[in-house]
Every structure is written in structure tokens, then in C-alpha cells.
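A.B. asks: Predicted model follows, preceded by the sequence.
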Amino acid sequence: MDAAKYIWMNGEFKAWNEAQTHVLSHTLHYGNGVIEGTKAYKTEDGYAIFRLNDHTKRLKESAKMTLIDIPYSVEELNEAQLELLRKNEFTGDNVYLRPFAFLGYGVMGLYHKGAPVETVLAAWEWGAYLGEEGLKSGIRLKISSMTRPANTSNMGKAKATANYLNSQMAKFEAIECGYDEALLLDDQGYVAEASGACFFMVKDGELISPPNDNSLASITQKTVIEMAEDMGYTVTRRRITREEIYVADEAFLTGTAAEITPIREVDARIIGSGSRGPITEIIQSNYFDIVFGRNEKYKHYLTYI
């Protein structure tokens, strides 16, 4: 990770290496914290954060679900993220922002009511999450032996740090088996999502993506659906079995970090032609036009610094 100059922490800008917490912070021991992943792109008019308000609102909603009281409004956090970008004076094509809140030092034990809430905003320059080559040629996906926890035992709608142990184990398994990424099924055997991204497949010109029954409601997924429908594609949200993926014409992942990443292989089955499919390429190209400010229709999703 490339260090930046400043991190915003509890209302103050601190030098990168001075933004620290105690080793007995509650979240380190019990896993209750919430995060966001937001991205700023270097447009012709300077840096612009894509769907800033949607991401910050989701952070606050995740915190409410997990009983963390973030003492800042959406508007305050939005402005702090813009100022963080200004102060850090980035130069790259895109910058990743990580807003998060966690429980700090002061209480030990599962009952967390008295633990202080720490609110942090960090940003750094970060390239393609699944590799530049992956954006062009596609990645290899493995369906994980891990499943997404059921709604009876987890809060999948919260972008909570504890949820990512499941993702971490699935991702490790996939990479150790020679793949690039993991795809997790739900407890009934239907596709949920990848370890940190949403799944789309294309069959006979139709885009199909699973519902968010027990997974995060993805902002990038919503963008892709809106964009695809505007271009005249039929988009269906329904359950998907693993067998359907194997015979899909195309497939791709979406997410703030993953952006639009093609899938060329799943469980040793070649998807389509074994490279980025034509519809995937159109979706990908149009997505980058949107986030880099080259599509006037979607400029309302950009917040310029």
C-alpha cells in the first residue's frame, strides 16, 4: 500500500503514520466495525468521487445495523472526504477511499455499549484490484467451499468487518488452488457474490445478476443495471445455479475496487470464448466513461473536489 500524507481521524487530519489505535480496541477482539469502499477518478475537471453520498449513507446504515453510533452526519463525512483528497494532493488516475468506524479502547467483553466509537477516513492510490491484465483478458473464478452465512445467523446487508472473515477464507482457498477470485454460494446453493464483488452473467444477450438476499446491496451493481437498461439490454435479477454459470456466454464481476472485471473461466470451465466478451466490453467501456466524467447523463453521480 502506498502511504498518503494524511488520514482523517475523529474530526482531525493526522499524519499517515500517526493515525493509530490501542491494541485493546474492542473491534480488534470482537470484530464489530463497518467499512466503505469509495473511489475518486481523475477527470478532465479534476478529481471526482463516484456516488459519494450513496457510499457515505451506506456506511451510516451499516453502523446503525451493528449498533455503532457514528457521531458525524453524512454531510460532514462527505465534506471530510473531499478535503482529504485536497490535502493529500494525489496525482494518479484514481484514488481509493476507505471510510470506516470501529469500537476503540475502554471496554472488554461482548457487550459493547460503553466502547468509544472511532471514525476514520483514509485514501490512497490503488490500481486495478484484480490486476490490469484481468480487466482486459478476464480472471479465473473458483466456486468456494465456503458459503455465505444465512440471514438467520448474519447481517449480510451490513458492510461489517466481521463479515469479511468469510470472504478472506474463500479468497485464500481460491488463490491457493490457482484461481484469481472466489465465488460464494448461499446456504441453499445459489450464487451470492464473489469475495468482494457482485456477479453478472450474460446468456442470449440478457444480463442476469442474483438478488441481494443475504449479501451487500451493491452500489456498482445498481449502476451497471441502470446503465445496461439505458442501453437497451434486458437485466434480470434472479437466483443463479452453478450449472448455469458454466454454460453462460459471458460473465463479469462488479464493485468499487473490481470495477468491471471479466471472467474467462469458472471451475475449469471456459466461459464463452475464454476472454472478455463483447457485451462485457461494452459495459466496461461505458462504466469507465461514467466514472471519468465522459458521459453527461451520469455526471450527477460525480462529486468534484
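C.D. replies: Received it, and whenever you're ready, just let me know what you need.

A.B. asks: Residue 47 versus residue 285, what's the distance?
C.D. replies: Distance, residue 285 to residue 47, using CB to CB, to the nearest Å: 21 Å. C-beta here means a position set from N, CA and C on the backbone, and glycine is covered the same way.

A.B. asks: These two: which is more packed in?
C.D. replies: Using other CB atoms under 10 Å as the criterion, residue 285 and residue 47 rank with residue 47 on top: 21 against 11.

A.B. asks: So which bits of the host helix or strand of that one are buried?
C.D. replies: Secondary structure assignment for residue 47, by DSSP states H and E: strand 46-50. By neighbour count with 16 or more other CB atoms under 10 Å, strand 46-50 contains the buried residues 47-50.

A.B. asks: could these be laid out in a markdown table, adding pLDDT and distance to residue 87?
C.D. replies: Shown next, in a markdown table, are the buried residues of strand 46-50 (pLDDT from 0 to 100; distance: CB to CB, whole Å):
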| residue | pLDDT | distance to residue 87 |
| --- | --- | --- |
| 47 | 97 | 12 |
| 48 | 98 | 17 |
| 49 | 98 | 15 |
| 50 | 98 | 20 |
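
A.B. asks: For these, could you give me CSV that also reports distance to residue 167?
C.D. replies: Below are those laid out as CSV (distance: CB to CB, whole Å):
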residue, distance to residue 167
47, 29
48, 28
49, 24
50, 22
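
A.B. asks: closest to residue 197 among the residues you listed?
C.D. replies: Residue 197 has its nearest neighbour among the buried residues of strand 46-50 in residue 50, at 15.4 Å by CB to CB.

A.B. asks: Check what pLDDT the residue nearest to that closest one when sequence neighbours are not counted gets.
C.D. replies: Spatially, and ignoring its direct neighbours in sequence, residue 50 is nearest to residue 291 (4.9 Å; CB to CB, 6 or more residues apart in numbering). Looking at residue 291, its pLDDT is 98.

A.B. asks: residues contacting residue 291?
C.D. replies: Residue 291 makes contact with 39, 41, 50, 259, 302, according to CB atoms under 8 Å, 6 or more residues apart in numbering.

A.B. asks: which one of those has the most neighbours?
C.D. replies: residue 50 (24 neighbours).

A.B. asks: And stretch 94-112, how far out from the chain middle?
C.D. replies: Centroid separation between stretch 94-112 and its chain, computed with CA atoms, centre = their mean, to the nearest Å, is 18 Å.

A.B. asks: should've said stretch 119-130
C.D. replies: Chain-centre distance of stretch 119-130: 11 Å, with CA atoms, centre = their mean.

A.B. asks: still on that earlier bit, and which of the contacts of residue 291 is nearest residue 94?
C.D. replies: Using CB to CB, residue 41 comes nearest to residue 94 of the contacts of residue 291, at 5.0 Å.

A.B. asks: Convert the C-alpha atoms of the host helix or strand of the closest one to CSV, please.
C.D. replies: Here residue 41 sits within strand 38-43, counting by DSSP H and E. Provided in CSV are the C-alpha atoms of strand 38-43 (Å, rounded to 0.1, in the frame of the first residue of the first chain):
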residue,chain,number,x,y,z
THR,A,38,-15.3,4.6,-2.5
LYS,A,39,-13.3,5.7,-5.5
ALA,A,40,-12.3,9.1,-6.9
TYR,A,41,-11.3,9.4,-10.6
LYS,A,42,-9.1,12.0,-12.2
THR,A,43,-11.5,13.6,-14.8
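
A.B. asks: Can you tell me what sits against that strand?
C.D. replies: Residues outside strand 38-43 that contact it (CB under 8 Å, 6+ apart) are 47-52, 55-56, 81, 85, 90, 92-99, 123, 256-257, 291-294, 302, 304-305.

A.B. asks: same question, stretch 262-270
C.D. replies: Stretch 262-270 is contacted from outside by 134-143, 183, 242, 245-246, 250-253, 271-272, 274-277, 280-281, 284, using CB under 8 Å, 6+ apart.

A.B. asks: Buried residues, the lowest-mean-pLDDT helix or strand in the chain. List them.
C.D. replies: Each helix and strand of the chain was given a mean pLDDT (mean pLDDT, DSSP states H and E); the minimum falls on helix 132-137 at a mean of 86. Buried positions in helix 132-137, judged by neighbour count with 16+ other CB under 10 Å: 134-135.

A.B. asks: Quick one: name whatever helix or strand follows it.
C.D. replies: The C-terminal neighbour of helix 132-137 among helices and strands, as given by DSSP H and E, is strand 139-147.

A.B. asks: Excluding residues flanking it in the chain, which one is nearest residue 136?
C.D. replies: What sits nearest to residue 136 in space, not counting adjacent residues and going by CB to CB, 6+ apart, is residue 276, at 6.5 Å.

A.B. asks: looking at this, the one you found is in a strand?
C.D. replies: No - Residue 276: not assigned to a strand; according to DSSP: H, G, I helix; E, B strand; the rest coil it is coil.
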